[in-house]
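K.L.:
need a 3D model of the following:
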Amino acid sequence: MGRKLRMGMVGGGPTSFIGPVHRTAAALDGEIELVCGAFSNHAENSKETGRSLYLNPDRVYGSYAEMFEKERKIPRDQRIDFVSVVTPNHLHFEPCKIALENGFHVIVDKPLAFSLAEAKTLRKIVVKTGLILALTHTYTGYPMVKEARNFIKAGKLGAVRKVFVEYSQGWLSTSLEKTGNVQASWRTDPRQSGMGGAIGDIGTHAANLAEYITRAKINEVCASLNTIVKDRKLDDDSSMLIRFDNGGSGVLLATQVAAGEENDLTIRVYGEKGGLEWRQEEPNTLVIKWHGQPKEIRRAGWAYLSGEAKNYIRTPPGHPEGYLEAFANIYRSFTRAVRDYKPGKKIEAAKYDFPDVDDGVQGMAFVEAVVRSNTSSKKWVGLKTQ
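P.N.:
The predicted model follows:
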């Protein structure tokens, strides 16, 4: 395929935070061209966004249903190859479903869907169609996260015993949703966000990061959810014990009321021989801690890193790469898979290294288990992924 991939977008209109992030990430490697979109459920807002992006007005649609209906009638050498879904949580399922049913690959912002039932339905559709669905669990895109994953895969720490993962933000320390802040409003509304507040918004990132680095799945949780800010309808603080299917255990904390914190996602993993630590606010550094030996500092950009890390580094040492590049790395992996796609040939996401529909189901099962655990008299609650 000697051309750029053509992308459509659902969501990402005038008030969107994540839409521009996706558009920037998709454009970073020069492999993707945005050609159409249904950017809002208000037709005029969609048109406004289309004008600001200099798109052909005929391919700026008033709804995603209209977009898929018209795009599938366009000749194959002109229609979109895939769609990027960047709406609030409650509007993930339907456009993903319709896109897949119309033959388009999908990349969707996390979480995969509004509920576990919706996530499982999308998995069935992906299996049936054979099309590709990628999920933007951003933090798996950082090169030094990939270095950590490879370090554990190579057995350098021995068997993983303990994981501590914490995601602390402070932006919802007050009733921001009552001030007209769009991002706060939908994230704290169970009709749009789903059954999880902080646990669904950032707790799923923490869980996914722990699973990605350790190559193990969380299969049980013992959780406590809290709503700190008065009259808030969803949790804004959580803490839990977690168990992995490889026998390891850990602690996961996710809070959006840690006043003074920005976006502090931190993970520490301990094996038989030592441990490692990575922080999203200092993403180019990976700390290795050896038992009885000095600590080791690994930095992005150097030749001593694993191939898994070097494949996703764009700049020399000391030139920071961050959030947008991590997002772009997921788009890069997804793009490679789409280019290799052939009808009837199964694409293995693990080969291309991007989060897929199974990760999405796992994330929704995690949220559902945490909520059940919080209200259950049982000490431990298992994840229901099947």
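
K.L.:
any idea how far Val368 lies from Ile202?
P.N.:
For residue 368 the amino acid is Glu, not Val. 17 Å (C-beta to C-beta, to the nearest Å). Using the backbone N, CA and C atoms, a C-beta is placed for each residue, glycine as well.

K.L.:
what do you get for Gly360?
P.N.:
16 Å.

K.L.:
the more surrounded of the two?
P.N.:
Gly360 (29 against 21; other C-beta atoms under 10 Å).

K.L.:
which other helices and strands contact the helix or strand harbouring the more buried one?
P.N.:
Using DSSP states H and E, Gly360 sits within helix 357-375. With contacts taken as 3 or more C-beta pairs under 8 Å, 6 or more residues apart in numbering; DSSP states H and E, helix 357-375 sits against helix 116-129, strand 133-136, helix 204-214, strand 218-226, strand 237-244, strand 381-382.

K.L.:
measure how that helix sits relative to strand 237-244, angle-wise.
P.N.:
120 degrees (axes from the mean of the first three to the mean of the last three C-alpha atoms, to 10 degrees).

K.L.:
for this protein, give me the ranges with low pLDDT.
P.N.:
Low-confidence segments of the chain (pLDDT under 70): 1.

K.L.:
domain ranges for it?
P.N.:
As given by automatic domain parsing, the domain ranges for the chain are 5-139+329-355, 142-316+364-375.

K.L.:
and Thr385, which of these is closest to it?
P.N.:
domain 142-316+364-375 (4.7 Å; C-beta to C-beta).

K.L.:
end-to-end on that closest one?
P.N.:
With C-alpha to C-alpha, to the nearest Å applied, domain 142-316+364-375 spans 35 Å between its terminal residues.

K.L.:
swap in stretch 51-71?
P.N.:
End-to-end distance (C-alpha to C-alpha), stretch 51-71: 19 Å.

K.L.:
same thing with stretch 75-82?
P.N.:
First-to-last distance for stretch 75-82 - C-alpha to C-alpha - comes to 14 Å.

K.L.:
what's in contact with that stretch?
P.N.:
Residues outside stretch 75-82 that contact it (C-beta atoms under 8 Å, 6 or more residues apart in numbering) are 5-8, 35-36, 71-72, 99, 104-107, 132, 334, 338.

K.L.:
closest to Met240 among those residues?
P.N.:
Ile107 (29.2 Å).

K.L.:
most packed of the helices and strands packed on helix 357-375?
P.N.:
strand 133-136 (a mean of 27; mean count of other C-beta atoms under 10 Å).

K.L.:
against Gly275, how distant is Arg149?
P.N.:
14 Å.

K.L.:
now do Ala25
P.N.:
31 Å.

K.L.:
how about the helices in the stretch 51-200 of the chain?
P.N.:
Using DSSP state H, counting those that start in this stretch, the helices found in the stretch 51-200 of the chain span residues 64-71, 93-101, 116-129, 143-153, 182-187, 190-193, 198.

K.L.:
now these in JSON lines, with distance to Gly307?
P.N.:
Compiled in JSON lines, these are given as follows (distance: least, C-beta to C-beta, whole Å):
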{"stretch": "helix 64-71", "distance to Gly307": "37"}
{"stretch": "helix 93-101", "distance to Gly307": "32"}
{"stretch": "helix 116-129", "distance to Gly307": "28"}
{"stretch": "helix 143-153", "distance to Gly307": "8"}
{"stretch": "helix 182-187", "distance to Gly307": "37"}
{"stretch": "helix 190-193", "distance to Gly307": "38"}
{"stretch": "helix 198", "distance to Gly307": "36"}
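
K.L.:
can you tell me which of those is nearest to Thr136?
P.N.:
helix 93-101 (12.7 Å).

K.L.:
report the angle between that closest one and helix 116-129.
P.N.:
Using the same axes, to 10 degrees: helix 93-101 against helix 116-129 is 10 degrees.

K.L.:
in helix 93-101, which residues are buried?
P.N.:
For helix 93-101, the neighbour count (16 or more other C-beta atoms under 10 Å) marks Phe93, Glu94, Pro95, Cys96, Lys97, Ile98, Ala99, Leu100 as buried.
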